[in-house]
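>>> give me the fold of what follows.
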Amino acid sequence: MNESMTRRGMLQATARVAVATGAAVNAPVLGSRDEQDRERTPQRAGSQNPRWYLRHLVGIEWGPTGANDKDKIYLSRATGKQIIDHQLKAHSEYAVLFMKDMEFAYYNSRVARKCPNLARRDLLRECLDEAQKHNMPVVAYCQVQYDHSSWKAHPEWRMKDPNGNDIPSRLCYHSGYLDFIKRVTGEMMEYEISGFHIDMLDFGFGPPYGCWCKRCQAAFRKEHGIAMPKGVTWDQAWEKMLAFRCQSNTRFCKELQSFIKATRPDISVDFNYHGYPPFSWEVGQRPVLHAINGDFVTAEGLPFIFGHANPSLLTCFLKGARPGGPVQVATSRTMHGYHDFNVRPLAELKWEVFTYLAHGAQCTVVDKANYDGTLDRVAYERLGEVFGEAIAKREYFGHKPLQEVGLYYSSRSRDWYGREDPVKYMAAFWGAHKALMESHITMGMVMDENASLERLRTFPVVYVPSAPVLTQEEVQLFDAYVSGGGSLLVTGLTGVCDRYGRVQTESLLSGIIGARLTRCELEHSDNYLRLPGELAKGDGAFLLEGIPSDWPMLVWGPLATYESAGARALGELMLAYRSKDNQWSNHMSPASVTGPALLVHRRGKGRVLCVPCALDAAYVGDFRMPEHRRLIRNLIRHMNPHPEIAVHAPPNVEIVITHDQAGRRLLVHLLAFSGSVPSAAVPFPKGTRVLPPLMAEPMDYKARVQVNRPFRRVEVAGPGTDIVVKKKGMHLQTCNPHEVLIVHV
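Numbers count the residues shown, from 1 in each chain. Modelled structure (predicted):
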């Protein structure tokens with residue numbers, strides 16, 4: 001018997017014993033997440049790290065389309081050789097393969113129903129036999145929620161709504177389904193797989209909400225000493241219910257991971273993550289609590305669904321939710337969903353993949369096979385060009401980021417202020433990110449769950465975009481950061497609500513911002529900000545760069561009115577006229593001044609700038625204007641006027657700056673998205689619904705880079721880029737979706 005067969009037999013025996021004995025139900029607790037992540041610093045070119053997810057940059061997830069047993073066509077032409085051959089042609093470094101979805105297993109399972117059109121064939125075995133010839137890691141995909149076959153076969157596992165009704169396709173995390181998934185993963189551990197991708201660990205993406213089954217009710221009462229609330233009540237009982245839901249799927253993940261690690265400590269486990277925007281409390285995940293599940297955190301970018309700012313926002317968010325830990329982002333090769341049977345343009349695929357890599361993430365591109373199991377040749381050709389370039393540029397990825405701004409995310413504001421309307425909170429966070437990205441101001445993200453003074457002090461500026469729900473502990477943290485010399489920017493309704501999202505008469509931030517809250521305008525959103533021309537004569541002139549003076553700028557959204565209690569007041573916030581029997585009564589022109597537009601307060605060694613209106617939220621709303629972005633840029637540049645590297649480029653170019661300490665290089669990544677003019681997909685009066693732009697071709701653009709420190713020389717990584725070096729910087733012109741300016745220091 002050869003070595004591979006000996007290993008195969010050993011794996012089969014080990015996995016079968018684990019399933020039979022329930023190994024790892026009482027397995028040792030995994031090491032602390034911080035300890036594990038410290039061992040998982042992303043590796044650069046030439047790394048011999050045994051962990052595949054630290055060794056490789058790019059891979060492809062293969063999956064079927066249809067899950068049908070009504071004909072002989074579905075997946076009938078899929079073969080392991082074809083799947084792996086296409087992966088190799090695309091320069092894929094690892095393969096994620098659907099092996100258990102909502103209906104079928106695609107290997108010889110003893111516990112799950114196998115895809116009938118495979119007959120006696122074992123697709124996992126076929127793929128592994130081919131992949132092992134090339135030392136390609138194979139990760140098995142296993143679906144949890146929306147497992148229709150298990151839902152139909154086991155009524156006792158179903159989630160229940162508050163009225164005791166079954167929730168379609170959703171399975172209770174406290175049911176016997178966990179044991180079933182252990183048996184499924186136990187079978188797959190008999191194969192030489194390198195890891196598991198466990199998908200859909202949510203509670204659904206909207207009503208009906210779960211779970212109110214008898215098991216969950218009993219567990220809730222045991223943990224909290226009270227009965228479950230009768231529904232979504234937004235009170236103390238609901239606060240406990242939110243925590244219970246989050247802990248339920250966390251417990252599921254940890255038990256499953258412990259079982260897998262006790263059986264096969266060599267393989268990885270990751271869980272698809274939905275703790276990031278735009279997802280909210282409905283899915284039952286919190287940003288940090290769920291990001292630390294698994295060996296690394298993985299989520300879906302999908303700009304055609306979440307917008308083309310999302311690849312940047314998501315990667316920064318994942319890095320903030322799991323600082324120092326490995327991050328992976330998945331996207332699709334298609335234009336509108338996973339099962340489109342079309343292929344996105346090469347330029348757009350390059351832009352998106354390199355956005356993830358530049359931010360320090362690994363990238364998986366999802367490909368759904370044709371109905372019969374065959375694959376799209378053009379998709380793999382394009383991915384081959386993208387992945388080939390990524391591998392050639394490997395040395396430029398995974399270095400320490402240089403970030404000016406720490407963008408603060410409040411999960412409690414998400415839940416208790418946003419409630420069933422999460423955009424009510426998230427718009428400000430989205431707008432802040434977009435404004436910084438388009439202003440070429442580098443950023444990281446800070447989560448309320450893991451915020452610390454040490455973390456805040458890594459950023460010259462901390463920006464809190466309208467977080468109405470803050471705790472006293474958070475306020476004390478901000479105060480210590482500012483008093484120690486930090487610069488804090490807060491906007492909107494930050495700090496005006498209690499822990500349950502109810503607006504108060506006093507702001508928790510009054511002491512920090514040096515002002516007293518007098519009122520909040522919540523009923524009407526047609527509010528305005530005006531910067532008087534007289535500011536140009538004094539130290540407020542910085543506000544007017546790119547902003548017309550004496551012009552009421554619409555900042556659609558709520559506002560807070562403050563009166564100074566030590567802060568310097570600049571500019572004006574204005575309320576609109578109000579009228580009756582007017583079709584425009586909720587969108588009127590400006591009428592009267594209600595309070596200052598900006599409060600500047602020195603505190604200790606630092607300073608706080610407060611803009612108590614929806615400046616950032618407005619920038620991603622229906623009435624967005626470039627002036628919103630410019631004013632945010634002006635505020636940041638006032639607080640941090642001399643960044644180590646400053647870049648001037650078109651707004652559609654994102655900048656990521658990292659420090660290759662071993663190579664003594666600063667790496668300036670330029671990522672250019674150049675979409676075509678969007679078109680409306682529906683007739684009037686719904687014409688404001690437009691299709692996402694498509695990046696069919698790269699755009700030629702110019703950028704100016706100022707280096708505010710000594711440097712030895714500069715070069716660029718890509719072909720066709722012209723560069724002129726001057727004393728304090730350089731001018732470059734390129735049409736590459738991704739370029740790297742290499743500054744030797």
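
>>> ok so Glu474 is a strand residue?
No. Under DSSP: H, G, I helix; E, B strand; the rest coil, Glu474 falls outside any strand and is assigned helix.

>>> I'd say it and Met447 touch.
No. In terms of CB atoms under 8 Å, Glu474 does not count as a neighbour of Met447; the distance is 11.2 Å. C-beta coordinates here come from the backbone N, C-alpha and C atoms, glycine included.

>>> how about the contacts made by the spatially most central residue of the chain?
With distances taken as CA atoms, centre = their mean, Leu314 lies nearest the centre of the chain, 2.5 Å away. Counting by CB atoms under 8 Å, 6 or more residues apart in numbering, Leu314 touches Tyr276, Ala299, Gly301, Phe306, Val329.

>>> dump the residues you listed to CSV, plus secondary structure and neighbour count.
Listed next are the contacts of Leu314 as CSV, based on DSSP: H, G, I helix; E, B strand; the rest coil; neighbours: other CB atoms under 10 Å:
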residue, secondary structure, neighbour count
Tyr276, coil, 25
Ala299, strand, 22
Gly301, coil, 26
Phe306, helix, 18
Val329, strand, 26
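
>>> helices of the stretch 201-350 of the chain, start to end?
214-224, 236-263, 287-291, 303-306, 310-321, 346-358 (DSSP state H, counting those that start in this stretch).

>>> could I get those helices in CSV, plus columns for mean pLDDT?
Shown next, in CSV, are the helices of the stretch 201-350 of the chain (pLDDT from 0 to 100):
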stretch, mean pLDDT
helix 214-224, 98
helix 236-263, 98
helix 287-291, 97
helix 303-306, 93
helix 310-321, 98
helix 346-358, 98
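
>>> just put the ones you listed in a markdown table and tack on distance to Gly59.
As requested, the helices of the stretch 201-350 of the chain are exported to a markdown table (distance: least, CB to CB, whole Å):
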| stretch | distance to Gly59 |
| --- | --- |
| helix 214-224 | 37 |
| helix 236-263 | 20 |
| helix 287-291 | 20 |
| helix 303-306 | 19 |
| helix 310-321 | 16 |
| helix 346-358 | 11 |
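
>>> right, so of these, which gets closest to Glu644?
For Glu644, the closest of these is helix 346-358, at 17.2 Å, according to CB to CB.

>>> now the closest one and helix 310-321, what's the angle there?
Calculated by axes from the mean of the first three to the mean of the last three CA atoms, to 10 degrees, helix 346-358 forms an angle of 10 degrees with helix 310-321.

>>> select, out of the helices of the stretch 201-350 of the chain, the one closest to Arg689.
helix 303-306 (14.1 Å).

>>> mind listing what His154 touches?
His154 sits in contact with Ser175, Gly176, Tyr177, Phe180, where contact means CB under 8 Å, 6+ apart.

>>> out of those residues, which are buried?
Neighbour counting over the contacts of His154 (16 or more other CB atoms under 10 Å) leaves Ser175, Tyr177, Phe180 as the buried ones.

>>> quick check, nearest of the residues you listed to Glu563?
Looking across those and measuring by CB to CB, the closest to Glu563 is Ser175, at 56.2 Å.

>>> ok, that closest one touching Cys213?
Yes. Between Ser175 and Cys213 there is a contact at 7.4 Å, judged by CB under 8 Å.

>>> anything in contact with each of the two?
With CB under 8 Å, 6+ apart as the test, Ser175 and Cys213 both reach Arg158.

>>> quick one: end-to-end length of stretch 584-601, please.
One end of stretch 584-601 sits 38 Å from the other (CA to CA, to the nearest Å).

>>> give me the nearest residue to Asp147, chain neighbours excluded.
Met102 (5.3 Å; CB to CB, 6 or more residues apart in numbering).

>>> mind splitting this protein into its structural domains?
403-643, 646-744 (automatic domain parsing).

>>> quick one: mean pLDDT for the first one?
Right, the one you point to is domain 403-643. The pLDDT scores in domain 403-643 average 97.

>>> what about it, distance to the chain center?
Per CA atoms, centre = their mean, to the nearest Å, the displacement of domain 403-643 from the mean C-alpha position of its chain is 23 Å.

>>> correct me, but Gly485 touches Gly604?
Yes. Assessed by CB under 8 Å, Gly485 is found in contact with Gly604 at 7.5 Å.

>>> any chance of the backbone angles for Gly164?
phi 80, psi 10 (degrees, to the nearest 10).

>>> count the residues that sit near it.
A total of 9 residues lie near Gly164 under the criterion other CB atoms under 10 Å.

>>> would you turn the buried ones among the contacts of His154 into a markdown table with distance to Phe271 and secondary structure?
Shown next, in a markdown table, are the buried ones among the contacts of His154 (distance: CB to CB, whole Å; DSSP: H, G, I helix; E, B strand; the rest coil):
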| residue | distance to Phe271 | secondary structure |
| --- | --- | --- |
| Ser175 | 18 | coil |
| Tyr177 | 15 | helix |
| Phe180 | 17 | helix |
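
>>> looking at these, spot the one nearest Ile193.
The closest of these, once distances to Ile193 are taken by CB to CB, is Phe180, at 18.8 Å.

>>> so that closest one makes contact with Ser109?
No. Contact criterion CB under 8 Å: Phe180 and Ser109 do not qualify, at 11.3 Å.

>>> any idea what Tyr701 is bridged to?
On the basis of DSSP bridges, Tyr701 takes part in beta bridges with Thr734.

>>> check contacts around the residue nearest to His642 when sequence neighbours are not counted.
Residue nearest to His642 in three dimensions, not counting chain neighbours: Asn708, with 5.4 Å by CB to CB, 6+ apart. Applying CB under 8 Å, 6+ apart to Asn708 gives the contacts His642, Pro643, Glu644, Ile645, Ala646, Lys728.

>>> mind checking the SS state of the fifth one?
Put plainly, it is Ala646. Per three-state DSSP, Ala646 ends up strand.

>>> where's the residue nearest to it when sequence neighbours are not counted relative to Leu493, distance?
Leaving aside its sequence neighbours, Ala646 sits nearest to Gln706 (CB to CB, 6+ apart; 4.4 Å). Gln706 sits at a distance of 36 Å from Leu493 (criterion: CB to CB, to the nearest Å).

>>> looking at the two, which is more packed in?
Per other CB under 10 Å, whichever of Gln706 and Leu493 has more neighbours is Leu493, with 28 against 15.

>>> am I right that the more buried one is in contact with Tyr562?
No. The criterion here is CB under 8 Å, and Leu493 misses it with Tyr562 at 11.4 Å.

>>> residues shared between the contacts of these two?
The contact lists of Leu493 and Tyr562 share Pro612, where a contact means CB under 8 Å, 6+ apart.

>>> got phi/psi on the closest residue to Asp101 other than its chain neighbours?
Residue nearest to Asp101 in three dimensions, not counting chain neighbours: Gln143, with 4.9 Å by CB to CB, 6+ apart. As for Gln143, its main-chain torsions (degrees, to the nearest 10) stand at phi -90, psi 140.
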